[in-house]
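1. here's a sequence, model it:
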Amino acid sequence: MAFVERALALGVRLQAPELARLGDYLALLLAMNERLNLTTILDPDAAWERHILDALSLVPELGDLASGARVADLGSGGGVPGLPLAILRPDLKLTLIESTQKKCAFLQDATSFLGLVNVRVLAERVETVGKGPLARSFDAVTARGLAPLERLVPLAAPLLMDAGRMLFIKGQRADEELTAAARVMAKARMRHSLTRLTTTGRVVVLETNGTR
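-> As a prediction, this is how the structure comes out:
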């Protein structure tokens, strides 16, 4: 199945300029990887699936966010899912939070190279951002592979507005993580909205449960 068709199966209709931009991002990621150790996936075909399709799996869950909504991507690393989301939703304001300086430098370079005016990069720890002026200022928070939900929810919760949501790309142990995170979810006033199976993993969506 062609990549465009696989994206469509996720509910994402790709246009030619978007596909070209995604390809430019992936080429840059792989070109810089040897020096910066950004990904363990070196095969381009596998990278399209494991990086780009993974990121696109979140697009439908952002579909109802209005233009200008703010999204924080936690532990952005090499830019997944934040940069592909910024390409697909140029009307959203993406903040990529990454504590490793060399990865932040790559994210800055990639943002400039791709001409993404809707992205800013913060070279800080997520915990620090959650205690600063950006606390409770985001409509949505995303992450992939940063930590188990039991640790991830307390990190993400301080960043969310009262009506915010968390969108996490997880693997086969998503249900186990949800069970283990029940206490911290209740404390953060977050409820499990859905878990959606995708071709590359599972998307876990948590939503705020009343005023936080």
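2. give me the longest helix you can find in this protein.
-> helix 16-36 (DSSP state H).
3. can I get the top strand by length along the chain as PDB, trimmed to CA atoms?
-> If you go by DSSP state E, the chain has its longest strand at strand 160-170. This file holds the C-alpha atoms of strand 160-170, laid out as PDB (Å, rounded to 0.1, in the frame of the first residue of the first chain):
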ATOM      1  CA  LEU A 160      -2.800  22.000  30.300                       C
ATOM      2  CA  MET A 161      -5.700  24.400  30.300                       C
ATOM      3  CA  ASP A 162      -8.800  23.300  32.100                       C
ATOM      4  CA  ALA A 163     -10.300  21.900  28.900                       C
ATOM      5  CA  GLY A 164      -7.100  20.400  27.600                       C
ATOM      6  CA  ARG A 165      -6.200  16.900  26.400                       C
ATOM      7  CA  MET A 166      -3.200  14.600  26.400                       C
ATOM      8  CA  LEU A 167      -2.300  12.600  23.200                       C
ATOM      9  CA  PHE A 168       0.300   9.900  23.700                       C
ATOM     10  CA  ILE A 169       1.700   7.400  21.200                       C
ATOM     11  CA  LYS A 170       2.100   4.100  23.000                       C
END
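4. against which helices or strands is the longest helix of the chain packed?
-> helix 44-47, helix 82-88, helix 101-114 (3 or more C-beta pairs under 8 Å, 6 or more residues apart in numbering; DSSP states H and E). Where you see a C-beta, it was placed from the backbone N, CA and C, and this is true even at glycine.
5. which of the ones you listed sits most buried?
-> Each of these was scored by mean neighbour count; the highest is helix 82-88, a mean of 26, by mean count of other C-beta atoms under 10 Å.
6. contacts for it?
-> With contact meaning C-beta atoms under 8 Å, 6 or more residues apart in numbering, helix 82-88 is reached by 12, 18, 21-22, 25, 51-52, 55-56, 58-59, 62, 71, 73, 76, 92, 94, 96, 107, 110-111, 114, 116, 118-119, 142.
7. and what about D139, helix, strand or coil?
-> Put simply, D139 is strand when judged by DSSP: H, G, I helix; E, B strand; the rest coil.
8. chain neighbours aside, what residue packs nearest to it?
-> Nearest non-adjacent residue to D139, counting by C-beta to C-beta, 6 or more residues apart in numbering: A69, 4.2 Å away.
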